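sequence first, then the predicted structure:
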Amino acid sequence: MNSSSKLRAAKRRANRTRARLHGTSERPRMTVTRSLKHVYVQLVDDDKGVTVAAASDKDVTVKGKPVEIAQAVGALIAEKAKAAGLSQAIFDRGSYRFHGRVAAIAEGAREAGLKI
């Protein structure tokens, strides 16, 4: 499988996931993007087409394993959501499996009080 077909397959998986999800102002879509080094999280209001809050591993000071850092990013986005007056979100894993760093973000956000 070459890189262009892998990218097409990932976009298909992400579109299949997002077809069932829609963020509102009361319950925004919490989208996760990960690279080999970093993880990024955004709360997106799809009705207005705006990003309500965002966080990444560049914003946290936790050192450790990537899963631990991702969990801290989840807690940070939950704090930012609470500051924006939000208590719940819809988790959008994109084309990624709910495993490892992606699952740790959701777990960290839940532990910090965000209902996913």
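It's in. Residues are numbered from 1 along each chain as shown.

longest helix in the protein, please.
Taking DSSP state H as the criterion, the chain has its longest helix at helix 66-83.

and that one, what's buried?
By neighbour count with 16 or more other CB atoms under 10 Å, helix 66-83 contains the buried residues 66, 69-81. In this view, the C-beta of every residue, glycine as well, is placed from N, C-alpha and C.

which helices and strands sit right next to it?
For helix 66-83, the packing partners by 3 or more CB pairs under 8 Å, 6 or more residues apart in numbering; DSSP states H and E come out as strand 39-45, strand 50-56, helix 101-111.

is the residue most central in space within the chain in a helix, a strand, or coil?
Centroid-nearest residue in the chain, with CA atoms, centre = their mean: V32, separated by 2.8 Å. With DSSP: H, G, I helix; E, B strand; the rest coil as the basis, V32 sits in strand.

so it touches I105, yeah?
Yes: if you go by CB atoms under 8 Å, V32 and I105 touch, sitting 5.7 Å apart.

which residues do these two both contact?
In terms of CB atoms under 8 Å, 6 or more residues apart in numbering, V32 and I105 are both contacted by the residues V39, V41.
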